[in-house]
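Colleague: Here is my input, please return the structure:
(chains A, B, C and D)
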There are 2 protein chains.
Amino acid sequence: MTSATTSGRPPGRPRIGVNAVVFAATLSTVHDLGYAAATVERIAAAAGVAKTTVYRRWPSKGELIVDCLLDAFGPLPLESAGRTELMASAIRWIAAKIGEPGVGDAFAGVFSDAVSDPALRAILAARLQDPYRLALQDALGEPESRVLFFIDVVVGTLLHRMGMTGVPMADADIAALAEMVLRHFTDGTGPV
Amino acid sequence: MTSATTSGRPPGRPRIGVNAVVFAATLSTVHDLGYAAATVERIAAAAGVAKTTVYRRWPSKGELIVDCLLDAFGPLPLESAGRTELMASAIRWIAAKIGEPGVGDAFAGVFSDAVSDPALRAILAARLQDPYRLALQDALGEPESRVLFFIDVVVGTLLHRMGMTGVPMADADIAALAEMVLRHFTDGTGPV
DNA sequence: GAGGTATCGATACCTATCGTAGCGAAACTC
DNA sequence: GAGTTTCGCTACGATAGGTATCGATACCTC
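Modeller: The predicted model follows:
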């Protein structure tokens, strides 16, 4: 209904489908070389495309990483019934995701870049955190401040362990984290 | 007793006392410009010394930041009597320190650099984390794994909030964090 | 004071990264 | 074929970490 008469495709050479292979190359490069050494040039080479092609899709390395993480995380699974089991499954889900090869490094890396880059911080909060925050508010019936606290505790703990040791948190500690958080959120204490 | 006959001072021009002013310049530069923009050159200029002088003292920006944080934190205050009050005061202490201007940004920044720099990660763990971990193990009588979990939760949560919002955690949330952690550590559940 | 030594500031330099610009070639529509 | 857009490639500018060099300077010993 816009310009092309019959087909909806715009004129010119169509873009090649490159997102999936670039995302995979991003995670594997970050996993193999670390976040800082995973330059856009190396990621592009691993994906088999030119660096300029990557920059045509993503305006900065930070946004590429955010999109890659969004693709890696996918939607928050919410099939559980009770509030308690829902929170527990969310904790296990994010812990498992952060433990996947490259995901934790990429997450911690872009998070740290955001510390000194307010624009990237806004993107991180809006694109990566807000969708899950809203889904949790909706599913749990908790106010925004409590859900933000929940995310700070769970994600902050997992990333701190990953950043300090270089390896994901062990299952026993994940269970302890879940137990601690659940007790806090399911006992009498009202909203903060 | 080594080379100099009477005084223990080595020959040559003595180093000027520059640590304090460089640390202050580091924190104020990080606070004003952010971690990434706080280049060694700018920090040196703010301190009134040459960049080469900084690099004579600290082999890398990361080690400068670690030393600066060590100086900013100082020893963990341990005058409290009971285990519970001791943990609570430790949480309030680290939260207040991370809330000081520049400290939280510098901490989050060097932490993120360490994600992709194993050498820096080892320095961070050995110089910044281990002393406090050992002090806590000693004061609380907890095994290493539980103290590491404690540090992951408290520091990870505070840094995640700082990194995501750019401002330190509010007192009400710090109180909630302390309450949650204390309940976890003072109830029946044994060591992980 | 003379000599030795190590630090000082200043400048230049190297390497690596992010991100941009310009180019001819290729792919698609009409 | 004409028009348009993306492709890969190469080169470029800007910035940062970190190193090397140099004359000047401050301190100690003799």
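Colleague: And whichever residue of chain A sits closest to DNA strand D, how far from DNA strand C?
Modeller: Among the residues of chain A, A:Gly12 lies closest to DNA strand D, at 1.8 Å counting by CB to the nearest atom of the strand. Every C-beta, even on glycine, is put in place using the N, C-alpha and C of the backbone. Counting by CB to the nearest atom of the strand, to the nearest Å, the gap between A:Gly12 and DNA strand C amounts to 5 Å.
Colleague: Could you chop chain A up by domain?
Modeller: As recorded under automatic domain parsing, the domains making up chain A are A:18-60, A:68-186.
Colleague: Quick check: end-to-end length of the first one?
Modeller: Its start and end residues considered, domain A:18-60 measures 16 Å (CA to CA, to the nearest Å).
Colleague: next one: the last one
Modeller: Criterion CA to CA; first-to-last residue distance in domain A:68-186 is 34 Å.
Colleague: Report the distance from it to the chain centre.
Modeller: 8 Å (CA atoms, centre = their mean, to the nearest Å).
Colleague: so does that domain get close to DNA strand C?
Modeller: No - Domain A:68-186 stays out of contact with DNA strand C when judged by CB under 7 Å from any atom of the strand, the minimum separation being 8.5 Å.
Colleague: How about the first one?
Modeller: Yes - part of domain A:18-60 sits close enough to DNA strand C to count as contact by CB under 7 Å from any atom of the strand, namely A:36-37, A:39-41, A:51-52, A:55, A:59-60.
Colleague: re earlier: what's the burial count for the residue of chain A closest to DNA strand D?
Modeller: 6 (other CB atoms under 10 Å in any protein chain shown).
Colleague: Under a three-state scheme, what state does it occupy?
Modeller: Three-state call for A:Gly12 (DSSP: H, G, I helix; E, B strand; the rest coil): coil.
Colleague: what's it sitting at in phi/psi?
Modeller: Taking degrees, to the nearest 10, you get phi 90, psi 180 for the backbone angles of A:Gly12.
Colleague: Who are the contact partners of it?
Modeller: Under the criterion of CB atoms under 8 Å, 6 or more residues apart in numbering or on different chains, A:Gly12 has no neighbours.
Colleague: what's the next secondary structure element after the helix or strand where A:Leu70 lies?
Modeller: In this structure, A:Leu70 sits in helix A:61-73 according to DSSP states H and E. On the C-terminal side of helix A:61-73, the closest following helix or strand by DSSP H and E is helix A:83-99.
Colleague: State the mean pLDDT of that next one.
Modeller: Throughout helix A:83-99, pLDDT has a mean value of 96.
Colleague: Then stretch A:132-144?
Modeller: 96.
Colleague: does any part of it sit near chain B?
Modeller: No - with CB under 8 Å from any CB of the partner chain as the criterion, chain B is not reached by stretch A:132-144; the gap is at least 10.5 Å.
Colleague: For that stretch, buried residues please.
Modeller: For stretch A:132-144, burial by neighbour count (16 or more other CB atoms under 10 Å in any protein chain shown) applies to A:132-133, A:136-137, A:139-140, A:142.
Colleague: can you put these in TSV and add secondary structure?
Modeller: As requested, the buried residues of stretch A:132-144 are exported to TSV (three-state DSSP):
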residue	secondary structure
A:Tyr132	helix
A:Arg133	helix
A:Leu136	helix
A:Gln137	helix
A:Ala139	helix
A:Leu140	helix
A:Glu142	coil
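Colleague: Considering the residues you listed, which is situated nearest to B:Gly74?
Modeller: Taking CB to CB as the measure, B:Gly74 lies nearest A:Arg133 of those, at 35.9 Å.
Colleague: Quick check: the closest one vs A:Ala90, distance?
Modeller: Computed with CB to CB, to the nearest Å, the distance linking A:Arg133 and A:Ala90 is 11 Å.
Colleague: one step back: include secondary structure, pLDDT and neighbour count when you put the residues of domain A:18-60 next to DNA strand C into CSV, please.
Modeller: Output for the residues of domain A:18-60 next to DNA strand C, formatted as CSV (DSSP: H, G, I helix; E, B strand; the rest coil; pLDDT from 0 to 100; neighbours: other CB atoms under 10 Å in any protein chain shown):
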residue, secondary structure, pLDDT, neighbour count
A:Ala36, coil, 88, 16
A:Ala37, coil, 91, 12
A:Thr39, coil, 96, 13
A:Val40, helix, 97, 17
A:Glu41, helix, 97, 11
A:Lys51, helix, 97, 14
A:Thr52, helix, 97, 9
A:Tyr55, helix, 97, 14
A:Pro59, coil, 95, 10
A:Ser60, coil, 95, 15
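Colleague: tell me, which of those make contact with DNA strand D?
Modeller: Filtering the residues of domain A:18-60 next to DNA strand C for proximity to DNA strand D by CB under 7 Å from any atom of the strand leaves A:51-52.
Colleague: helices and strands around the helix or strand containing A:Ser145, which ones?
Modeller: A:Ser145 is part of helix A:144-165, with elements assigned from DSSP H and E. Packing contacts for helix A:144-165, counted by 3 or more CB pairs under 8 Å, 6 or more residues apart in numbering or on different chains; DSSP states H and E, involve helix A:83-99, helix A:103-115, helix A:130-140, helix A:171-186, helix B:103-115, helix B:144-165, helix B:171-186.
Colleague: Swap in 6 Å and give it another go.
Modeller: helix A:83-99, helix A:103-115, helix A:130-140, helix B:144-165 (3 or more CB pairs under 6 Å, 6 or more residues apart in numbering or on different chains; DSSP states H and E).
Colleague: So which other helices or strands are in contact with the lowest-mean-pLDDT helix or strand in chain A?
Modeller: Least confident helix or strand of chain A, by mean pLDDT, DSSP states H and E, is helix A:103-115 with a mean of 88. Identification of packing neighbours for helix A:103-115 by 3+ CB pairs under 6 Å, 6+ apart yields helix A:61-73, helix A:118-123, helix A:144-165, helix B:103-115.
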